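S.K.: what follows is a protein structure lacking sequence information:
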Ligand SMILES: [Fe+2]
Ligand SMILES: [Fe+2]
């Protein structure tokens with residue numbers, strides 16, 4: 001069992017709690033404007049794209065640098081797909097202004113080591129994204145929004161899973177010292193802790209819990 005497996009096993013319960021909190025059990029009215037939920041996706045996609053892009057130049061390992069560059073590009077693509085879907089639903093995408101970074105992205109921006117960045121930005125964030133997006137897909141399907149289901153199932157989710165898998169491989173390759181592993185574990189703990197709080201706050205605001213991730 002490699003370090004990434006260890007990390008996944010250690011964080012499994014907390015990750016599951018975040019994802020299960022998004023299954024809408026007792027989550028308010030259980031009915032929200034699709035446009036409101038897709039706007040959450042829009043914010044998340046651009047936030048992750050910017051974060052990953054901000055790490056490209058300052059990450060020395062070429063394969064990690066390229067993984068962040070690719071993540072930045074893929075998330076920008078997800079933004080475009082969600083934006084087109086919102087436009088079709090009548091939302092004024094051109095008037096969209098990304099909000100200031102939430103506490104999760106403020107924390108992520110402070111990470112400087114490769115092991116922490118990979119653990120937090122590729123492994124933890126993408127694990128959350130994949131899980132909560134599955135909930136969002138189920139919600140869209142239940143509400144007859146087949147086009148959004150198609151976008152997520154055919155393009156967005158396979159890429160989120162790939163980002164997470166790249167993160168695991170890079171953790172095994174680079175988080176090899178005791179110090180790097182300790183930093184990576186601490187970063188994952190912090191991401192799960194902050195994400196749990198920010199998602200709970202957003203659920204309160206939106207009145208549903210099944211909103212998407214990045
Ligand atoms: Fe992603
Ligand atoms: Fe994404």
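M.R.: Yep, it's here. Quick caveat: nothing in here was measured; it's all calculated off a predicted structure. Ligands and ions are numbered 1, 2, ... in the order given.

S.K.: what's the average pLDDT for the longest helix along the chain?
M.R.: Determined from DSSP state H, the single longest helix within the chain is helix 178-206. Averaging pLDDT along helix 178-206 yields 95.

S.K.: for that helix, packing partners?
M.R.: helix 3-21, helix 34-56, helix 103-108, helix 114-117, helix 125-142 (3 or more Cβ pairs under 8 Å, 6 or more residues apart in numbering; DSSP states H and E). All C-beta atoms are positioned from the backbone trio N, CA, C, and that covers glycine.

S.K.: pull out the buried residues from the second one.
M.R.: The one in question is helix 34-56. Neighbour counts over helix 34-56 (16 or more other Cβ atoms under 10 Å) mark 34, 37-56 as buried.

S.K.: tell me the helices and strands packed up against that helix.
M.R.: helix 62-88, helix 103-108, helix 125-142, helix 178-206.

S.K.: out of the ones you listed, which gets nearest to ligand 2?
M.R.: helix 62-88 (3.7 Å; Cβ to the ion).

S.K.: what residues sit buried inside the helix or strand containing residue 171?
M.R.: Assessed by DSSP states H and E, residue 171 sits inside helix 157-174. Buried residues in helix 157-174, counted by 16+ other Cβ under 10 Å: 157, 159-160, 162-164, 166-171, 173-174.

S.K.: once you drop chain neighbours, what's closest to residue 141?
M.R.: residue 149 (5.1 Å; Cβ to Cβ, 6 or more residues apart in numbering).

S.K.: what mean pLDDT does the host helix or strand of that neighbour have?
M.R.: Per DSSP H and E: residue 149 is located in helix 146-151. Helix 146-151 carries an average pLDDT of 96.

S.K.: so which elements touch that helix?
M.R.: On the basis of 3+ Cβ pairs under 8 Å, 6+ apart, helix 146-151 makes packing contacts with helix 62-88, helix 125-142.

S.K.: reformat these into a markdown table and put mean neighbour count and mean pLDDT next to each item.
M.R.: Formatted as a markdown table, the helices and strands packed on helix 146-151 follow (neighbours: other Cβ atoms under 10 Å; pLDDT from 0 to 100):
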| stretch | mean neighbour count | mean pLDDT |
| --- | --- | --- |
| helix 62-88 | 18 | 98 |
| helix 125-142 | 23 | 95 |
